[in-house]
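Participant: structure for the following, please:
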Amino acid sequence: MARAKLVEKETQTSAPPNVARPEQILDVAARQFRARGYAAVSMRDIATEAGIRTPSLYYHFASKDDLVIAVMNRGIVVVREALTAAIDALPPGASDAHILTTAMRAHLRALHGLSDYTSANVRIFGQLPEPLRRANLAERRAYQAIWSGLLAPVCTHEPSLLQARVAFVIGALNATLEWVDPVRTDLEQLADCLSGVLLHGLLAKVRT
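Facilitator: Down below sits the predicted model:
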């Protein structure tokens, strides 16, 4: 009898339950956070859409905070990888304008068209408690560093403003989530329009 109870306990604690994979759970969580915000989404909501029981969800993610951090970090990784791949595919000797336009296009495509993760990151970052925002800072700073490298060649006359310009460009691109309908909008045309507006100022010569 005691042995039977021990076997039962080991089965409950060590055998993986028959549930959705972590990737599927993250997809559901990203979609819900994007649509409803941080506070409105519960672990039960995520479990219900994933088709599992709430206790099973905790097998993969110990808390809602762990799940949020995973979604937030992936949101940065998705756009960073898309941007890096687009830049790496450019021919040698590409102009500053071409490089920056390509980067802006890649950012917008990732933001609106590739996944819910990037959009969720942008939408709920400001809603998160301070510890959760800090947990995402390493990924955010790594992405900002890429933009610093891209913008540095066109900020040589005002190097002290580099970080402000990085924040301005990323912020302007992210703000399109508030007014762009990706179903009705050609993202390539949007990218060309925004890059033209932004680069007109970024590449302008300093008047003496």
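
Participant: what strand or helix carries the spatially most central residue of the chain?
Facilitator: Most central in the chain under Cα atoms, centre = their mean is residue 75, positioned 2.1 Å from the mean C-alpha point. Element membership for residue 75, per DSSP states H and E: helix 64-88.

Participant: I'd like the next helix or strand past that helix.
Facilitator: Using DSSP H and E, the helix or strand that follows helix 64-88 in sequence is helix 96-109.

Participant: now the helix or strand following that next one against helix 96-109, angle please.
Facilitator: Next helix or strand after helix 96-109 toward the C-terminus (DSSP H and E): helix 116-124. Taking axes from the mean of the first three to the mean of the last three Cα atoms, to 10 degrees, helix 116-124 and helix 96-109 form an angle of 90 degrees between their directions.

Participant: who are the packing partners of helix 116-124?
Facilitator: helix 22-36, helix 64-88 (3 or more Cβ pairs under 8 Å, 6 or more residues apart in numbering; DSSP states H and E). Yep, even glycine has a C-beta here, placed from its N, CA and C like the rest.

Participant: quick one, the longest one and helix 96-109 angle?
Facilitator: When you say that, I think you mean helix 64-88. Note on geometry: by the same axes, to 10 degrees, helix 64-88 and helix 96-109 are set 150 degrees apart in direction.

Participant: any low-confidence regions in this protein?
Facilitator: Low-confidence segments of the chain, defined by pLDDT under 70: 1-20, 201-208.

Participant: against which helices or strands is the helix or strand residue 192 falls within packed?
Facilitator: Using DSSP H and E, residue 192 maps to helix 187-202. Applying 3+ Cβ pairs under 8 Å, 6+ apart, one finds that helix 187-202 contacts helix 96-109, helix 162-174.

Participant: and it, C-alpha only, in PDB?
Facilitator: In PDB, the C-alpha atoms belonging to helix 187-202 read as follows (Å, rounded to 0.1, in the frame of the first residue of the first chain):
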ATOM      1  CA  LEU A 187       3.500  47.600 -44.600                       C
ATOM      2  CA  GLU A 188       6.100  48.100 -47.300                       C
ATOM      3  CA  GLN A 189       4.500  51.400 -48.300                       C
ATOM      4  CA  LEU A 190       4.200  52.400 -44.700                       C
ATOM      5  CA  ALA A 191       7.900  51.700 -44.100                       C
ATOM      6  CA  ASP A 192       8.900  53.700 -47.100                       C
ATOM      7  CA  CYS A 193       6.700  56.600 -45.900                       C
ATOM      8  CA  LEU A 194       8.000  56.600 -42.400                       C
ATOM      9  CA  SER A 195      11.600  56.100 -43.300                       C
ATOM     10  CA  GLY A 196      11.400  59.000 -45.700                       C
ATOM     11  CA  VAL A 197      10.000  61.300 -43.000                       C
ATOM     12  CA  LEU A 198      12.500  60.100 -40.400                       C
ATOM     13  CA  LEU A 199      15.500  60.100 -42.700                       C
ATOM     14  CA  HIS A 200      14.800  63.500 -44.000                       C
ATOM     15  CA  GLY A 201      15.700  64.800 -40.600                       C
ATOM     16  CA  LEU A 202      18.300  62.200 -39.600                       C
END
